[in-house]
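1. Quick one, what's the 3D model for this:
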Amino acid sequence: MRQTADRDPLSSSDPASPVARSGQSQQELLQQLALRGAWRSILEAIKGQQIADQEQLLCQAAYYTLALIKLRNYTAATAELLKLGDLDAAHLTKAADDGRSVSMVPFSLRWLQADTQEQPDKMYQLLDYCTQQLEGNTLLAGTLKSLRATQRLHSISLQDDDFAAAVSDQADSPLLSSEEKHAQMWARRQHMVVCNLVNRHVRSKEYKVALRWLSWLLTERRDDPGLWSVVGYVQLMLGDIAVADRTFHKAAELLSAAQTPEQKQRNQAIVRRHQGLLLFARNDFAGALAEFEASATVLSQAAAALQSRALVYVYSCNMGAAIQVTEDSMQSDLINYVSEPLLANLCTMYELMDVSSNAGADGKTRLLTLIGGILPDDFDAGFMQSK
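-> This next block holds a predicted model:
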């Protein structure tokens, strides 16, 4: 979760004022506000502005729409996207240096248009668009073929911080040419769209469809340990523990290439997290807890590791311990542990702990008081309200 600063570094007076510093462009201001999660300030900064430049207008439309989505104003976000009309229209293109007609539409706008749809059709259309960009240009297609042949696509980070570090440690490749950077950019976009489709199919419990897309990604990124890890997660969801075990073993082999003591320690923690998941699937809750606790001391994904530990206590019929370990961890490091899924789970545990008293309501009140000052604009605290 993004940290919300006590004082806005972009303003010398009003902390919430969306005013650019001297020499700072409007786009730089919007980027800074987005990184801070100051979505209402973004709406204020853009609202009512008259911009003649089409590219700047499209860039602002992307930030404005994203802010509306983050603030859960989906109706207004959809209306903003509809105002733009067909993103492939001729008036939204320009002539490139080589004479080709190229789109001025930021990829983020295409992503938002596809991601706001409940059905995956638009996301599949976006996948076709990415593939067309990669294969429709002869030079780009040749560059991509070279990157695939030398296994340089797996260095594009798609995973969490821990796996991103593991991949970057191994990706000791020479500097890329401008053509290679351009090909990697579109390959990364293509891969991110596929990851979105995987998430959609997993949420719909269409695990076999998700695995088919993950198999395609593995043809592009066969040396990516994070991707092998995701495959193992989905296989566990299918209940195929033996196959997941082999998949995690493949991830461990790739992670074993670490060189420095720090890299080895981090990668060993990832392997222990995998072992914890396998033990949990085999109902060995004590063993799983030991593995999760060992990995949590090293890995940066604090909230995810904490939820794994709390879940073990829940399945061990020790709700009190699950609440205690969650509360203690949050109080020790609020910034790293505060996330909507974790807080929602904690509130659910409060409600289940003692349905015959006000313990749940009291816990939620204490929690809201504790974290109220650090929540970003897009945080939905509705589930924390006492019923």
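2. what ranges of the chain fall below the confidence cut-off?
-> Within the chain, the ranges that satisfy pLDDT under 70 run 1-24, 151-175, 299-302, 336, 354-361, 372-373, 376, 381, 383-387.
3. Any idea how far the longest helix along it is from the middle of the chain?
-> What stands out as the longest helix in the chain, according to DSSP state H, is helix 178-203. For helix 178-203, the separation from the chain centroid amounts to 13 Å (computed by CA atoms, centre = their mean, to the nearest Å).
4. How about stretch 33-44?
-> Using CA atoms, centre = their mean, the offset of stretch 33-44 from its chain centre is 18 Å.
5. And that stretch, end to end?
-> This stretch, stretch 33-44, spans 11 Å end to end (CA to CA, to the nearest Å).
6. again, but for stretch 28-42
-> Distance between the two ends of stretch 28-42: 12 Å, counting by CA to CA.
7. how about it: buried residues?
-> The neighbour-count check on stretch 28-42 (16 or more other CB atoms under 10 Å) flags 29-30, 32-34, 36-42 as buried. All C-beta atoms are positioned from the backbone trio N, CA, C, and that covers glycine.
8. TSV please, covering those residues and showing secondary structure and distance to Asp284.
-> Shown next, in TSV, are the buried residues of stretch 28-42 (DSSP: H, G, I helix; E, B strand; the rest coil; distance: CB to CB, whole Å):
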residue	secondary structure	distance to Asp284
Leu29	helix	52
Leu30	helix	49
Gln32	helix	47
Leu33	helix	47
Ala34	helix	43
Arg36	helix	42
Gly37	coil	39
Ala38	coil	45
Trp39	helix	43
Arg40	helix	47
Ser41	helix	49
Ile42	helix	48
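9. List phi and psi for Asn283.
-> Main-chain dihedrals, Asn283, degrees, to the nearest 10: phi 70, psi 20.
10. For Ser178, see how far away it is.
-> From Asn283 across to Ser178, the span is 54 Å (CB to CB, to the nearest Å).
11. which among the buried residues of stretch 28-42 gets closest to Met123?
-> Closest to Met123 out of the buried residues of stretch 28-42 is Ala34 (22.0 Å), distances taken as CB to CB.
12. Ile69 is in contact with that closest one, correct?
-> No - at 11.8 Å, Ala34 does not count as touching Ile69 under the criterion of CB atoms under 8 Å.
13. before we move on, back to that, nearest to Ala141 among the buried residues of stretch 28-42?
-> Among those, and counting by CB to CB, the member closest to Ala141 is Ala34, at 33.1 Å.
14. returning to that earlier point: report the buried residues of the longest helix of the chain.
-> Residues of helix 178-203 classed as buried by neighbour count (16+ other CB under 10 Å): 179-180, 182-184, 186-187, 189-198, 200-202.
15. Same question for stretch 57-66.
-> By neighbour count on 16+ other CB under 10 Å, the buried set for stretch 57-66 is 58-66.
16. Going by distance to Asn73, which of these wins?
-> Among these, and counting by CB to CB, the member closest to Asn73 is Thr65, at 10.0 Å.
17. which other residues reach whatever helix or strand Ala305 lives in?
-> Element membership of Ala305, judged by DSSP states H and E, is helix 302-315. Residues from elsewhere that reach helix 302-315 (CB atoms under 8 Å, 6 or more residues apart in numbering): 1, 160, 273, 276-277, 280, 285, 288-289, 292-293, 295-296, 299, 319, 321-323, 325-326, 329, 333, 336-339, 341-342, 345-346, 349.
18. Those residues, buried ones only, as a ChimeraX selection?
-> The ChimeraX selection below is limited to those of the contacts of helix 302-315 classed as buried (16+ other CB under 10 Å):
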select :1,273,276,277,280,285,288,289,292,293,295,296,299,319,321,322,323,325,326,329,336,337,338,339,342,345,346,349
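19. Now, the contacts of helix 302-315 that are in helices?
-> Among the contacts of helix 302-315, DSSP H puts 273, 276-277, 280, 285, 288-289, 292-293, 295-296, 319, 321-323, 325-326, 329, 336-337, 341-342, 345-346, 349 in helices.
20. Which residues are in contact with Met319?
-> Residues near Met319 by CB under 8 Å, 6+ apart: 313, 349, 352-353.
21. Can you flag the buried ones in the residues you listed?
-> Neighbour counting by 16+ other CB under 10 Å classes 313, 349 among those as buried.
22. want to throw the contacts of Met319 into a markdown table with distance to Gln263?
-> Below are the contacts of Met319 laid out as a markdown table (distance: CB to CB, whole Å):
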| residue | distance to Gln263 |
| --- | --- |
| Tyr313 | 31 |
| Met349 | 36 |
| Leu352 | 40 |
| Met353 | 41 |
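23. Out of the contacts of Met319, which comes closest to Trp216?
-> Distance to Trp216 across these (CB to CB) is lowest for Tyr313, with 37.6 Å.
24. Can you give me the distance of that closest one to Met349?
-> Distance from Tyr313 to Met349, by CB to CB: 9 Å.
25. ok, back up a step: mind giving me the packing neighbours of the longest helix of the chain?
-> Under the contact definition 3 or more CB pairs under 8 Å, 6 or more residues apart in numbering; DSSP states H and E, helix 178-203 sits against helix 107-115, helix 121-135, helix 138-149, helix 207-220, helix 225-237.
26. Out of the buried residues of stretch 57-66, list just those in helices.
-> In helices, defined here by DSSP H, the members of the buried residues of stretch 57-66 are 58-66.
27. Nearest to Lys47 among the residues you listed?
-> Nearest member of these to Lys47, counting by CB to CB, is Tyr64, at 8.1 Å.
28. Arg246 - how many residues pack around it?
-> Arg246: 11 surrounding residues under other CB atoms under 10 Å.
29. Pull out the buried positions in the host helix or strand of it.
-> Element membership of Arg246, judged by DSSP H and E, is helix 241-255. Across helix 241-255, burial judged by 16+ other CB under 10 Å covers 244-245, 247-248, 250-252, 254-255.
30. Would you mind putting those into JSON lines with distance to Gln49 alongside?
-> Output for the buried residues of helix 241-255, formatted as JSON lines (distance: CB to CB, whole Å):
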{"residue": "Ala244", "distance to Gln49": "52"}
{"residue": "Asp245", "distance to Gln49": "56"}
{"residue": "Thr247", "distance to Gln49": "50"}
{"residue": "Phe248", "distance to Gln49": "51"}
{"residue": "Lys250", "distance to Gln49": "52"}
{"residue": "Ala251", "distance to Gln49": "48"}
{"residue": "Ala252", "distance to Gln49": "52"}
{"residue": "Leu254", "distance to Gln49": "48"}
{"residue": "Leu255", "distance to Gln49": "48"}
